[in-house]
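Got a predicted structure plus its sequence, pasted below:
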2 protein chains.
Amino acid sequence: MTRSHFASMNCAVAHTLDVIGEWWTLLIIREAFYGARRFAQFQRNLGIARNILTVRLRKLVETGVLERVPVRPGAKRYEYRLTEMGLEVLPILVALMQWGDRWMLGTDKAPVRVIDRATGNEVPQVRLLAEDGRPLGPEDLSVVPGPGADRASRLRFRAAGRAAARAARAG
Amino acid sequence: MTRSHFASMNCAVAHTLDVIGEWWTLLIIREAFYGARRFAQFQRNLGIARNILTVRLRKLVETGVLERVPVRPGAKRYEYRLTEMGLEVLPILVALMQWGDRWMLGTDKAPVRVIDRATGNEVPQVRLLAEDGRPLGPEDLSVVPGPGADRASRLRFRAAGRAAARAARAG
DNA sequence: GAAATAAGTTGCATTACGCAACCATTTGTG
DNA sequence: CACAAATGGTTGCGTAATGCAACTTATTTC
C-alpha cells in the first residue's frame, strides 16, 4: 500500500535515496549547482509541476540539503541555497552525468561539459581510487559489515565475503 | 498527466536518471554488486513487490545494464548479471553510500564498509580530481555547452559561465 | 510422481504526480 | 500612490506508479 521507505533498511545507499532519490530531486540539486536559487528559476528550468516543486524543496530544506534564506535581510521572499551537505552531492551528480554521457548519449554528444577552471580541461572521470592512486574496479573490492551493521547484514557480509568481486566475475 | 520523462531533456543527468533513477532501481543494482543474480534473491533481499521487480529487471535488461542469461546452457530459467554498462555504475553507488554514511547515518554507524582487497583499507572518498590529482570543489568548476548542446543549453551555459562556482559562492 | 521452489502475471487498492486554476504578497511603472 | 505584473506558493481533480495478495506455469527436490 504505502510506498516503501528505504530509510528503514540497514544501508546507506537506501538512506541517501530516501532523501535525494525521489523523482525530480537530483535534477533540482543539479539546477542549484547551475546557479538556480529562486522557486521560479527551478520551475522554469525544469518544467516541474509547482506543487511537486514545493514538496521537494520543503523536504530538501528539512533534510538540510538546501537552506531557505530571505532574499534580503528581513524580506519575506526566500531563496534556496546548497548547504555543505548539498555541495557534497557534486561527485554523485558528476558521476551520473559522465555515465549518461558515455552510455546514453555518447561522449561526442554531451550537452554540457564540466571544466576545471584552472586548466580549462574537462574534469576527468570520477573513479574509485586507492590511497596510492591505483584505480579500483569491482573485482578489487570486498564488502564487509561496518560498525552499524544489524544482525542480517552481519550474516550477509561475513568478513570473508567479497561481494562486489562476485558480481564482477559474472562471466 | 503522464509522469514526466527526463530523457527529452538536453542533459546527461536526466538521461541517466531515466534509466537508473526510478524507485528501487539503484537498490537492485546494489544487490547485483553484492552478488544477487536470481529473481528471488533480489526479491527477498529488497522486499520489493514482485510485479515491480519484474518491470524494473525488464527495463534494466532492455537498457543493457543487466543481461538475462540462462542459468545453465539451454535452461529456461534465467539469471541477471551486470554488463560492462552496469559495472560502471559502481562509482555512483559508492558515492551514494559514502554520502549517506557521512550525512545520514554518521560514519561510525556505517552498515557496510567497502574494502580494497589489496590493502584491507576502506576505499577512500569518491571525489572530483584534476589530472594532477588536485581535489576539485564546486568553486573550481565551470559548466560550458558541450558538442550536443541544444540552442537553449548554449544560451544558458555561455563559455563565460561558471555555474557551479556561482552555487558555491552562495554565502 | 508429489511437494516445494522459482519466476513471474493479474486484479485491486492506495499513493504519487501532472495540470490548471486560484490566492496572497512583493515588485515594477507612470 | 494606483495599478499591473511577477513571485511563491496552495488546492482540486484526474491519471500513472506502486504495494499486496492470489494465481499460474516451469523446474527441482525427495
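That came through fine. Numbering: from 1, shown residues only, chains lettered A, B, ... in the order given.

use CA for all of it now, contacts and neighbours both
OK.

How about residues contacting the top helix by length along chain A?
Scanning chain A for the longest helix, with DSSP state H as the assignment, gives helix A:50-63. Residues outside helix A:50-63 that contact it (CA atoms under 8 Å, 6 or more residues apart in numbering or on different chains): A:19, A:20, A:24, A:25, A:43, A:66, A:67, A:68.

Now the second one: closest residue in space, sequence neighbours ignored.
Right, the one you point to is residue A:20. Nearest residue to residue A:20 in three dimensions, chain neighbours excluded: residue A:26, at 5.9 Å (CA to CA, 6 or more residues apart in numbering or on different chains).

Pretty sure residue A:19 is one of the things that neighbour touches, is it not?
No: in this structure, residue A:26 is not within contact of residue A:19 by CA atoms under 8 Å, at 9.6 Å.

related to what we said a few turns ago, is DNA strand C within reach of the longest helix of chain A?
Yes: Helix A:50-63 is in contact with DNA strand C by CA under 7 Å from any atom of the strand, via A:50, A:51, A:52.

restrict these to those near DNA strand D?
Among the residues of helix A:50-63 next to DNA strand C, proximity to DNA strand D is found for A:50, A:51 (CA under 7 Å from any atom of the strand).

Now pLDDT too, for the residues of helix A:50-63 next to DNA strand C, in a markdown table please.
As requested, those are exported to a markdown table (pLDDT from 0 to 100):
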| residue | pLDDT |
| --- | --- |
| A:50 | 96 |
| A:51 | 96 |
| A:52 | 97 |
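
Specify which member of the residues of helix A:50-63 next to DNA strand C is nearest to residue B:2.
Residue B:2 has its nearest neighbour among the residues of helix A:50-63 next to DNA strand C in residue A:52, at 14.1 Å by CA to CA.

So the residue sitting nearest the centre point of chain A versus DNA strand D, what's the distance?
For chain A, the residue sitting closest to the mean C-alpha position, by CA atoms, centre = their mean, is residue A:92 at 4.1 Å. Using CA to the nearest atom of the strand, to the nearest Å, we find residue A:92 at a distance of 21 Å from DNA strand D.

Same check on residue A:157?
The value you get for residue A:157 to DNA strand D, if CA to the nearest atom of the strand is used, is 24 Å.

Check residue A:22 too.
On the measure of CA to the nearest atom of the strand, residue A:22 and DNA strand D end up 9 Å apart.

three-state assignment of that residue?
Judged by DSSP: H, G, I helix; E, B strand; the rest coil, the three-state class of residue A:22 is coil.

Pull the contacting residues for it.
Residue A:22 touches B:22, B:23, counting by CA under 8 Å, 6+ apart.

which residues are there in chain A that come within reach of DNA strand C?
Taking CA under 7 Å from any atom of the strand as the criterion, chain A approaches DNA strand C at residues A:1-3, A:22-23, A:47-52, A:75-77.
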